[in-house]
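Peer 1: I would like the atomic coordinates for the input below:
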Amino acid sequence: MHALTPMQKLALKYASHGVKIFPCREKTDAQGKVKGPLVHGGFKSATNDLATIIEWWTYQPNALVGMPCRMNDLIVIDPDRHGGHDGVNAFALLVRANGFDMQRFLSVATPNSGLHLYFQRPHNLGDTIAKLGPSIDVKDNGYIIAAGSILGDGRSYKLQNWSLDSLADWITEKQLSPLPKWLVDAVSKPTHTPKAYSKGDVAACPENVLTRLKALVRKVALAPEGDRNKILFWATCRAGEMIRDGLVHHDTAFELFVEAGLYCGLDRREAERLVRSGLNTSAESV
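Peer 2: The predicted structure follows:
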């Protein structure tokens, strides 16, 4: 009988403790990218059924252990270092600013000099944002590569200060450290509902101007993450031109676009700053 590979042992360890897992690709090849799922359905097919785990890892003995987050009632903050950004240091500053010590968090060193910080997912936590900032991802409705996994090139996900058995127990017994209140607030997806405007607010606008204004507001409200600031500034520059030409009142445009910025997920301070800048840039130009 062949000795078990490290990844087969790791998969059995997690599953035997009750953690739901699934196999992922250990390196990029012609069939797919490293860390991609190796089973139909991806992380949604994760299980702790030992017979299934044995079958999966018999077929792919070196597969990484993929671990769904929400399915296991955990949420992971993933600061990384890439693209010219140091998410690890940025998150450490955020932690200190909120009076916490990052050394007390359960952390896993990732292969690219980043971290996975594991927390218990609050039962009443709603939808979450995908990023806290550049190179700081929020892993919630998706999956991570579990601590102890070893990539095809030998790099690994190293749990710091605790044992893998303890980690697996804490996950299944829901004993991970709770997500701090300030982080709950930071990762929660805004549920802002746009303010209802009466016809009187824009009654002075000609119909063609009103149509254009609504289209700009709609574009901001539906702006995808990553483009929200750029789209809001662009749209308010266009609205500023309308203010300059006497077609729209400044206060009306300001309120409309701040509301649209809040709806797409920006905080009020950032939305107001961008709207003020965009409106003034074009309204004051000659």
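Peer 1: And the strands in this structure?
Peer 2: Here the chain has its strands, by DSSP state E, at 22-24, 64-68, 74-79, 81-82, 85-86, 106-109, 115-120, 131-133, 136-139, 143-145, 158-159.
Peer 1: would JSON lines of the ones you listed with distance to K174 and mean pLDDT be doable?
Peer 2: For every residue, glycine as well, the C-beta is placed using N, CA and C. Shown next, in JSON lines, are these (distance: least, C-beta to C-beta, whole Å; pLDDT from 0 to 100):
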{"stretch": "strand 22-24", "distance to K174": "21", "mean pLDDT": "98"}
{"stretch": "strand 64-68", "distance to K174": "15", "mean pLDDT": "98"}
{"stretch": "strand 74-79", "distance to K174": "9", "mean pLDDT": "96"}
{"stretch": "strand 81-82", "distance to K174": "31", "mean pLDDT": "84"}
{"stretch": "strand 85-86", "distance to K174": "32", "mean pLDDT": "84"}
{"stretch": "strand 106-109", "distance to K174": "13", "mean pLDDT": "96"}
{"stretch": "strand 115-120", "distance to K174": "6", "mean pLDDT": "97"}
{"stretch": "strand 131-133", "distance to K174": "23", "mean pLDDT": "84"}
{"stretch": "strand 136-139", "distance to K174": "17", "mean pLDDT": "94"}
{"stretch": "strand 143-145", "distance to K174": "17", "mean pLDDT": "98"}
{"stretch": "strand 158-159", "distance to K174": "18", "mean pLDDT": "97"}
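Peer 1: So which of these is nearest K189?
Peer 2: Closest of these to K189 is strand 136-139, at 9.8 Å (criterion: C-beta to C-beta).
Peer 1: helices or strands up against that closest one?
Peer 2: In terms of contacts (3 or more C-beta pairs under 8 Å, 6 or more residues apart in numbering; DSSP states H and E), strand 136-139 is packed against strand 74-79, helix 87-97, strand 131-133.
Peer 1: rerun at 10 Å
Peer 2: strand 74-79, helix 87-97, strand 115-120, strand 131-133, helix 181-187 (3 or more C-beta pairs under 10 Å, 6 or more residues apart in numbering; DSSP states H and E).
Peer 1: ok, the shortest one: who's next to it in the sheet?
Peer 2: Taking DSSP bridges as the criterion, strand 131-133 pairs within the sheet with strand 136-139 (antiparallel).
Peer 1: how far out from the middle of the chain is the partner strand?
Peer 2: In terms of C-alpha atoms, centre = their mean, to the nearest Å, the centre of strand 136-139 is set 4 Å apart from its chain centre.
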